[in-house]
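Asks: Need a 3D model of the following:
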Amino acid sequence: MKSIEPIIFLICGKARQGKTTLSNLIASYYQEHNLKVVNTSFAKYLKYYAKEIKDYNLTDSDKYRSFLQELGNFIRIDMNKECFLIDRLIEDINIYAHYADIIVTVSYTHLTLPTIHSV
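Replies: Predicted coordinates for the structure are as follows:
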């Protein structure tokens, strides 16, 4: 396991604005410098649920955008878990931090994250 803290990039913005392209560029840059990169997505858990519920194709998010929004609202509002995805992201970062030099994550909304403590 690693002993240093990773560099974390959180890229936020509206749909179809180049967030994934930017995250891939960042990942490629650091990989070319022989650093271990984890490139992940803030909404991946919604997509995993959608795959199991609706046989969602992970590469076709436009087709399922309204369902993903409905599912996110259900979790946040109906289940009263406002920070569900944020909590998952923090857990993921704490795990990835032991194995990666760079962590890049993409979000489709503006996030206000709590302070993430060192692991």
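Asks: Quick one: the strands in this structure, in order.
Replies: 7-12, 37-41, 102-107 (DSSP state E).
Asks: Quick one: closest of these to K63.
Replies: Closest approach to K63 among the strands of the chain (Cβ to Cβ): strand 37-41, 16.8 Å. To be clear about C-beta, it is placed using only N, CA and C from the backbone, and glycine gets the same treatment.
Asks: Now the closest one: buried residues?
Replies: Residues of strand 37-41 classed as buried: V37, V38, N39, S41 (neighbour count, 16 or more other Cβ atoms under 10 Å).
Asks: Just say which of the strands of the chain is most tucked in.
Replies: Of all the strands of the chain, strand 102-107 carries the top mean neighbour count, a mean of 22, counting by mean count of other Cβ atoms under 10 Å.
Asks: Parallel or antiparallel, which strands does that one pair with?
Replies: Here strand 102-107 has these sheet partners by DSSP bridges: strand 7-12 (parallel), strand 37-41 (parallel).
Asks: Now tabulate the ones you listed in JSON lines and tack on distance to T59 and mean pLDDT.
Replies: Below are these laid out as JSON lines (distance: least, Cβ to Cβ, whole Å; pLDDT from 0 to 100):
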{"stretch": "strand 7-12", "distance to T59": "19", "mean pLDDT": "92"}
{"stretch": "strand 37-41", "distance to T59": "12", "mean pLDDT": "93"}
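Asks: May I see the ones you listed organised as CSV, with distance to K81 added?
Replies: Converted to CSV, the strands paired with strand 102-107 look like this (distance: least, Cβ to Cβ, whole Å):
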stretch, distance to K81
strand 7-12, 20
strand 37-41, 18
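Asks: Go through those strands and name the closest to N94.
Replies: Across the strands paired with strand 102-107, closest to N94 is strand 7-12 (Cβ to Cβ), at 11.0 Å.
Asks: Restricting to C-alpha, output that closest one in PDB.
Replies: C-alpha atoms of strand 7-12 as PDB (Å, rounded to 0.1, in the frame of the first residue of the first chain):
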ATOM      1  CA  ILE A   7      -3.800  14.300  -5.500                       C
ATOM      2  CA  ILE A   8      -7.600  14.400  -5.900                       C
ATOM      3  CA  PHE A   9      -9.400  16.100  -8.900                       C
ATOM      4  CA  LEU A  10     -13.100  16.700  -8.700                       C
ATOM      5  CA  ILE A  11     -14.500  17.900 -12.000                       C
ATOM      6  CA  CYS A  12     -18.000  19.300 -11.900                       C
END
